[in-house]
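Visitor: The following comprises the amino acid sequence and a computationally predicted model.
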Amino acid sequence: MSFSALKKTAQRLQDQAGFLIEISDDKEYEKALGLMDELIDDYDNQLVLIELLSKSIEQWENTSDEFAEFNQRIDQTNPAVSTLRLLMEQHELGVGDLPEIGSKSYVSKILNERDRQLTRQHIEALSMRFQVSPALFFNIA
């Protein structure tokens with residue numbers, strides 16, 4: 001394909017689906033999500049478009065007022081506590097089922113982020129018990 005033909009194809013794509021590069025409103029966001037659902041079905045053949053579209057969707061979700069409250073809550077979330085909650089949910093455990101951490105009240109204080117937090121020893125023990133990497137308990141960006 002010549003550069004001229006490639007440029008024309010790119011222009012047509014931009015005219016029909018400019019949201020691949022930048023989403024400007026909720027309607028385009030919905031179109032982007034719909035297209036992503038279709039592209040995922042043929043992942044290997046659509047990887048270039050998926051990568052392009054995922055960046056556009058991520059940018060919208062990071063900057064849109066619609067997601068501001070959600071993003072703020074995520075930023076304030078303690079990754080160690082979130083990981084602990086997820087593991088407890090997955091394994092159907094209660095606050096009394098974690099002897100690696102301590103008593104029910106101690107676990108409860110950690111989960112409610114009151115006066116207590118997971119220590120290195122807790123994380124090591126939980127990682128061994130659930131066979132997960134200790135890195136899951138940290139916000140590594």
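Guide: Perfect, I can see it now.

Visitor: Every contact and neighbour count from this point should use C-alpha atoms.
Guide: Will do.

Visitor: out of everything not next to it in sequence, what's closest to residue 21?
Guide: Nearest non-adjacent residue to residue 21, counting by C-alpha to C-alpha, 6 or more residues apart in numbering: residue 56, 5.6 Å away.

Visitor: From residue 6, how far off is the one you found?
Guide: For residue 56, the distance to residue 6 (C-alpha to C-alpha, to the nearest Å) stands at 21 Å.

Visitor: Which one of those two is surrounded by more residues?
Guide: Neighbour tally, residue 56 and residue 6, criterion other C-alpha atoms under 10 Å: the higher count belongs to residue 56, 21 against 11.

Visitor: per-residue pLDDT, that one?
Guide: Note on residue 56: pLDDT of 96.

Visitor: for residue 136, same thing?
Guide: In this model, residue 136 carries a pLDDT of 89.

Visitor: tell me which element the nearest residue to it once chain neighbours are set aside falls in.
Guide: In space, and not counting its chain neighbours, residue 136 is closest to residue 83: 6.7 Å by C-alpha to C-alpha, 6+ apart. Per DSSP states H and E, residue 83 falls inside helix 79-90.

Visitor: which helices and strands sit right next to that helix?
Guide: helix 104-111 (3 or more C-alpha pairs under 8 Å, 6 or more residues apart in numbering; DSSP states H and E).
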